[in-house]
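# Here is my input; please provide its structure:
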Amino acid sequence: MAKAIHTMVRVLDEHRSVDFYKKAFGLDVADRYDFDDFTLVYMRNPETDFEVELTVNKGRTEPYDHGDAYGHLALAVDNLEVEHARFKELGLNPRDIVAFERDGALMAKFFFVEDPDGYKIEVLQKHGRYK
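Numbering: from 1, shown residues only. So this is what the prediction gives:
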């Protein structure tokens, strides 16, 4: 059986990205590996072992092209409204909260935010299959 362990995103500014993921989701640097051409930064919180890997390619100055294939990373929270207000207060510019229904019942309640490199992140209320 396979176990999901991390997702990787390429970022331009390590400190800016580490700060964002710390403020937004309480992720801390679990490991950091510096190589000649790149640095890998693994971030996680006590809630799960799943990590976000930030890859910083040294010398890169142009933003990455996400193309039309990248979708989003999703994280579930206990209180969506509280988190949305906190994101606003921190200046993280969350989009409006959306309630998504299927067959007349709430399937998901969420908002999106973007990290400093424009990666979309869905923040979901813990509910139903999103626990």
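
# domains of this protein?
The record's domain parsing of the chain by automatic domain parsing lists 1-59, 71-131.

# Tell me how confident the model is about the shortest one, as a mean pLDDT.
Here domain 1-59 scores 96 as its mean pLDDT.

# which one's the longest helix in this structure?
helix 14-25 (DSSP state H).

# Show which residues not belonging to stretch 75-88 make contact with it.
24-25, 93-94, 97, 109-111, 113, 121-126, 130-131 (CB atoms under 8 Å, 6 or more residues apart in numbering). C-beta coordinates here come from the backbone N, C-alpha and C atoms, glycine included.

# give me that answer again for 6 Å
Residues from elsewhere that reach stretch 75-88, judged by CB atoms under 6 Å, 6 or more residues apart in numbering: 25, 94, 97, 109, 111, 123-126, 130.

# same question, stretch 110-124
Counting by CB under 6 Å, 6+ apart, 9, 11, 16-17, 20, 72-77, 84, 92, 94-95, 97-98, 108, 130 sit against stretch 110-124.

# quick one: the strands in this structure?
For the chain, applying DSSP state E gives strands covering 6-10, 28-34, 38-45, 48-57, 73-77, 98-102, 105-114, 120-125.

# okay, those, which one's buried deepest?
strand 120-125 (a mean of 20; mean count of other CB atoms under 10 Å).

# Tell me the neighbouring strands of that strand, and mark each as parallel or antiparallel.
According to DSSP bridges, strand 120-125 forms sheet pairs with strand 73-77 (parallel), strand 105-114 (antiparallel).

# and the end-to-end length of stretch 48-66?
26 Å (CA to CA, to the nearest Å).

# beta partners of F111?
Assigned bridge partners for F111, using DSSP bridges, are V123.

# ditto for F100
When bridges are called by DSSP bridges, F100 pairs up with A108.

# do the same with L75
Beta-bridge partners, per DSSP bridges, of L75: V123.

# quick one on the thing from earlier: mind checking which of the strands of the chain is nearest P63?
strand 6-10 (9.7 Å; CB to CB).

# Strand 28-34 and that closest one, what's the angle between them?
Counting by axes from the mean of the first three to the mean of the last three CA atoms, to 10 degrees, strand 6-10 lies at 60 degrees to strand 28-34.
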